[in-house]
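[1] What shape does this take:
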Amino acid sequence: MRTILIAGMLALACATLTADLGSAQIPCNNVVGLYNHPDGTGPPRTTMVGVEPIRLYLVLCRPASCETGYDPLCAVNGFECAMRFDPVPDNDLVLARKIYHPNAVILDGRNDINEGVIDFMCGYGTDVPVTDASVVLVELEFRSLGAGTTDIYLEPK
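    From the prediction side, this is the model:
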């Protein structure tokens with residue numbers, strides 16, 4: 001049995017709302033979190049039992065445009081952040097799937113969970129609508145191959 005601690009949400013200064021993923025440092029009040037449910041809710045801890053996969057959702061909550069006085073946005077066109085694992089998995093935790101919006105254009109970055117960090121850099125061919133003040137950026141499916149606790153942190157990229 002493995003316990004995963006989701007170490008909080010991240011108020012990102014990131015490319016969540018910019019067309020150019022390279023210029024990612026815009027100070028905004030956008031909040032990105034890792035949640036148990038696609039609506040941006042769920043406890044900050046989850047326990048994996050046996051070989052059953054667990055799904056977590058990287059969700060952007062309350063997206064707003066800084067350039068226009070923090071006006072709520074109705075769509076997003078990209079994002080970037082990093083996910084850090086502590087302790088670093090030693091082939092005992094597997095990120096089995098990453099499910100993005102169908103129009104995603106994914107850029108390469110660190111992608112080996114056994115190195116302890118995974119990068120997310122994604123733009124969308126068409127804007128992704130915000131529903132009920134949130135949008136799922138990526139759905140993650142983990143599988144555990146051992147016992148222990150893993151903390152997951154979100155960081156700016």
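
[2] residue nearest the centroid of this structure?
    L58 (3.2 Å; CA atoms, centre = their mean).

[3] Now do the helix or strand containing it, average pLDDT.
    Assessed by DSSP states H and E, L58 sits inside strand 54-61. Model confidence over strand 54-61 averages 91 on the pLDDT scale.

[4] which other residues reach it?
    For strand 54-61, the external contacting residues (CB atoms under 8 Å, 6 or more residues apart in numbering) are 4, 6, 9, 16, 30-40, 46, 48, 76, 79, 81, 83, 120, 130, 133-144, 152, 154. Using the backbone N, CA and C atoms, a C-beta is placed for each residue, glycine as well.

[5] change it to 7 Å
    Contact partners of strand 54-61, identified using CB atoms under 7 Å, 6 or more residues apart in numbering, comprise 16, 30-38, 40, 46, 48, 76, 79, 133-142.

[6] What of stretch 84-101?
    Residues outside stretch 84-101 that contact it (CB under 7 Å, 6+ apart): 2, 53, 106, 113-114, 116-118, 122, 124, 128, 138-146, 150-153, 155.

[7] What's the end-to-end length of that stretch?
    End-to-end distance of stretch 84-101 (CA to CA, to the nearest Å): 22 Å.

[8] likewise stretch 58-73?
    OK, stretch 58-73 end separation, CA to CA: 18 Å.

[9] tell me which residues in it are buried?
    Neighbour counts using 16 or more other CB atoms under 10 Å place 58-61, 63-64, 73 of stretch 58-73 among the buried residues.

[10] Where does pLDDT dip in the chain?
    1-29, 68-69 (pLDDT under 70).

[11] count of neighbours near L95?
    A count of neighbours around L95, defined by other CB atoms under 10 Å, yields 18.
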